[in-house]
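J.: Next one to model:
(4 chains)
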2 protein chains.
Amino acid sequence: MAATGRHRSAKLKSLAKSRSARLADVARAAGVSLATASRALAASALVHSATSTRVQEAARLLGYVPHGAARALASRRTRTIGAVIPTLDNPIFAGSIQTLQSRLARDGYTLLLGSHEYDLAVEIKVVAALIERGVDAMVLVGLDHDPHLFALLVKAGIPYELTWAVDASGFHHCVGFSNREAAMRVAQHLLGLGHRRIAMVSGYTAQNDRARERVAGVREAMQSRGLGIPDDWVVECPFSIRDARVALQRLLETGARPTAVVCGNDILAAGVLLEAASCEIAVPAALSVTGFDDIDLAAEIVPALTTVHLPVVDIGRLAAERLLARLAGKRVARVERVPVELIARASTAPPAAAARRQRHNAKIALGGAM
Amino acid sequence: MAATGRHRSAKLKSLAKSRSARLADVARAAGVSLATASRALAASALVHSATSTRVQEAARLLGYVPHGAARALASRRTRTIGAVIPTLDNPIFAGSIQTLQSRLARDGYTLLLGSHEYDLAVEIKVVAALIERGVDAMVLVGLDHDPHLFALLVKAGIPYELTWAVDASGFHHCVGFSNREAAMRVAQHLLGLGHRRIAMVSGYTAQNDRARERVAGVREAMQSRGLGIPDDWVVECPFSIRDARVALQRLLETGARPTAVVCGNDILAAGVLLEAASCEIAVPAALSVTGFDDIDLAAEIVPALTTVHLPVVDIGRLAAERLLARLAGKRVARVERVPVELIARASTAPPAAAARRQRHNAKIALGGAM
DNA sequence: TTGTACGCGTTATCAA
DNA sequence: TTGATAACGCGTACAA
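T.: Numbers count the residues shown, from 1 in each chain, chains lettered A, B, ... in the order given. Down below sits the predicted model:
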């Protein structure tokens, strides 16, 4: 119906009721210049409070909504932050993105989301797309990335935070923890219980530093006791309950049976627990099982899962706050470590042999001392 | 180091090696005008293929990245789509967002994500923020929204799709299914098994049409058999395993015990199953339990959960494709229904009394007929 | 098929 | 404290 911009008559324009108001309309209504209107709405201190309220009022009356693209073009920032994660199909990433998004929204920032399903070739394309969208900053997961990815970010002058891991070199800004040390603690817990025959069910380690470091951590803890893990006792599979069940089957087919299975995350551990149950392998009596992440299910499943608690919410919040601080020109420590904690629950116990030995020793002790 | 825009000398500018290339640079390098360069990169048919390749090459050499904001300002579209969901802390939303995002990315669109944690007052603010960001279209969940929300979208001329439900009035574009009918099917399954005493554990229904319709569906199915549900047999709680456990406890405290519990989703059902196990209530012998959604866990938990399978991936994909089609000027059916399916697994069985009766009848039948 | 020139709606600079 | 005006980088109607 109404003319839509090709006709430039001021009178027509004021009649085209559907055209949404822009800053010029607000300025005219408030009887000030464009510049003053802009400053008033930006809550700049340089404007007289009377004019400021007049402008605010005019904006409210006209239902003025700033035009993001125009603002971005002029100010050279979009108030938009990109996050690229492996997948949303994992409660820890979903939870941390959730927090990231709410925290950013509080400061007027919006989250642009991308995911790559554990394919780093996809990841760099997603990153490029977000850069083109003009994100002011970016959140990534882990240390493994396409070699050109950081060059892209640096060239575009985009600050970024790596999450869920810490960069040993201290070169990248990051907020996370040492996956290796956390995994070592899991292994030490099992070693302390008397386990010597430990197997693993892990996610694919090829393009995933977190998974790789968790395997390395278990290996390292065992090596320091002169122990090792046979290659066919480290089974890699996708992060799903079903795949983990198959993985346990493969593990059990290797002949010799482990007394404990360390899993790369709680999803895998849930699969191992369920498969053990359906094979009538008692957990923890005949097999100890550990997870990683401490998702909700871990505490509720039977038997409750021994796992490593990760501060999912803190990671999202800290990533947001560190980026907001940096965008505001503040300095932050390059590396921010968050605490992780081993939660010992019912899925781990001394191995059967050790349990017998312990009972035996206890009897002797009782008989001797008392 | 280098001058950063305050100095406008062309010579200085060409020396400031870090300034990223813009279209003018590409055009100059290729020896064409701005317009031709623009068209060549837009893969317009109007350009000679030789010039086109020349421009592409120049762009590649210069590492040219289009400026999203400038492009958006000139073209009046951002190639960005907003999605606002209740929470990512639910595998069905996470999964469907995942698909939505990948499908959009395939067509060069990026996803702007917001969530509101089941608070519609928050939702409308998030929507307003996305509109200001200039999203070309929007995806929402369900039918319950702030009354002003649609006005906002219409005024901004933004197409949208409602998901996970169908609008009975046929007014809104939507892709989903009837939550009421799906819930009726669950109830009919239980009624068919012989259950008459059915209770419910539901999410909060106040601002959530999906939850409300599921409760209504069960009530409707029972009423058509002259049955009902006492008010204290419909317990509402947050969507978490822990809260569902508490809900079942409250249900059992009401004195009379139901023979079946219909849960608003699989998370709640998992909580009910786990709590029943820890109370030594045999499922399904002493209590039947149903879920809704068919998340991964449903098929794996013991006993495997009878639930309604929802096509999570299809909903995300269809929402994306319908929106892309509409943005391309094509027409799509206002309402797109996706099929849902009752999956009967091990968590449901005839109630104990009915089971006794059935065995009894079977004996008589055997004795009489053979 | 290509080029010219204007407009997109803001912010920021500079002068008043 | 305010105003005039020049960017910001690109798309596209129109002319050539």
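
J.: Remind me what the helix or strand where A:L273 lies packs against, helices and strands.
T.: Applying DSSP states H and E as the criterion places A:L273 in helix A:266-278. When contacts are defined as 3 or more Cβ pairs under 8 Å, 6 or more residues apart in numbering or on different chains; DSSP states H and E, helix A:266-278 sits against strand A:198-202, helix A:241-252, strand A:260-263, strand A:288-290, helix A:296-300, helix B:296-300. Any C-beta I mention is one placed from the backbone N, CA and C, and that applies to glycine too.

J.: winner for burial among the ones you listed?
T.: Compared across those, strand A:260-263 shows the largest average neighbour count, a mean of 30 (mean count of other Cβ atoms under 10 Å in any protein chain shown).

J.: Could you check the pLDDT of A:A58?
T.: A:A58 carries a pLDDT value of 94.

J.: thinking it is in contact with A:A30, fair?
T.: Yes - under the criterion of Cβ atoms under 8 Å, A:A58 makes contact with A:A30 at 4.0 Å.

J.: between these two, what contacts are shared?
T.: Residues touching both A:A58 and A:A30 by Cβ atoms under 8 Å, 6 or more residues apart in numbering or on different chains: A:A37.

J.: residue contacts, the nearest residue in space to A:A260 that is not next to it in sequence?
T.: Leaving aside its sequence neighbours, A:A260 sits nearest to A:S288 (Cβ to Cβ, 6 or more residues apart in numbering or on different chains; 4.0 Å). Contact analysis of A:S288 by Cβ under 8 Å, 6+ apart lists A:190, A:193, A:195, A:259-261, A:306, A:347-349, A:351.

J.: How much space separates the residue of the stretch 201-350 of chain A found nearest DNA strand D from DNA strand C?
T.: Closest to DNA strand D within the stretch 201-350 of chain A is A:L327: 18.6 Å, counting by Cβ to the nearest atom of the strand. Using Cβ to the nearest atom of the strand, to the nearest Å, one gets 13 Å for the distance from A:L327 to DNA strand C.

J.: Equivalent analysis for A:D144, please.
T.: Separation of A:D144 from DNA strand C (Cβ to the nearest atom of the strand) stands at 37 Å.

J.: what's the first-to-last distance across stretch A:137-147?
T.: 19 Å (Cα to Cα, to the nearest Å).

J.: sorry, back to before: okay, the contacts of A:S288 in JSON lines with distance to A:D146 and pLDDT next?
T.: As requested, these are arranged in JSON lines below (distance: Cβ to Cβ, whole Å; pLDDT from 0 to 100):
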{"residue": "A:L190", "distance to A:D146": "36", "pLDDT": "98"}
{"residue": "A:L193", "distance to A:D146": "41", "pLDDT": "98"}
{"residue": "A:H195", "distance to A:D146": "39", "pLDDT": "98"}
{"residue": "A:T259", "distance to A:D146": "40", "pLDDT": "97"}
{"residue": "A:A260", "distance to A:D146": "36", "pLDDT": "98"}
{"residue": "A:V261", "distance to A:D146": "33", "pLDDT": "98"}
{"residue": "A:T306", "distance to A:D146": "36", "pLDDT": "98"}
{"residue": "A:S347", "distance to A:D146": "37", "pLDDT": "98"}
{"residue": "A:T348", "distance to A:D146": "38", "pLDDT": "98"}
{"residue": "A:A349", "distance to A:D146": "44", "pLDDT": "98"}
{"residue": "A:P351", "distance to A:D146": "43", "pLDDT": "96"}
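
J.: Next step: the residues you listed restricted to strands.
T.: The members of these that map onto strands under DSSP state E are A:260-261.

J.: Generate JSON lines for the contacts of A:S288, with distance to A:R317 as supplementary columns.
T.: Converted to JSON lines, the contacts of A:S288 look like this (distance: Cβ to Cβ, whole Å):
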{"residue": "A:L190", "distance to A:R317": "32"}
{"residue": "A:L193", "distance to A:R317": "35"}
{"residue": "A:H195", "distance to A:R317": "36"}
{"residue": "A:T259", "distance to A:R317": "39"}
{"residue": "A:A260", "distance to A:R317": "34"}
{"residue": "A:V261", "distance to A:R317": "33"}
{"residue": "A:T306", "distance to A:R317": "27"}
{"residue": "A:S347", "distance to A:R317": "30"}
{"residue": "A:T348", "distance to A:R317": "31"}
{"residue": "A:A349", "distance to A:R317": "36"}
{"residue": "A:P351", "distance to A:R317": "40"}
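
J.: from the contacts of A:S288, which is closest to A:V235?
T.: A:V261 (9.3 Å; Cβ to Cβ).
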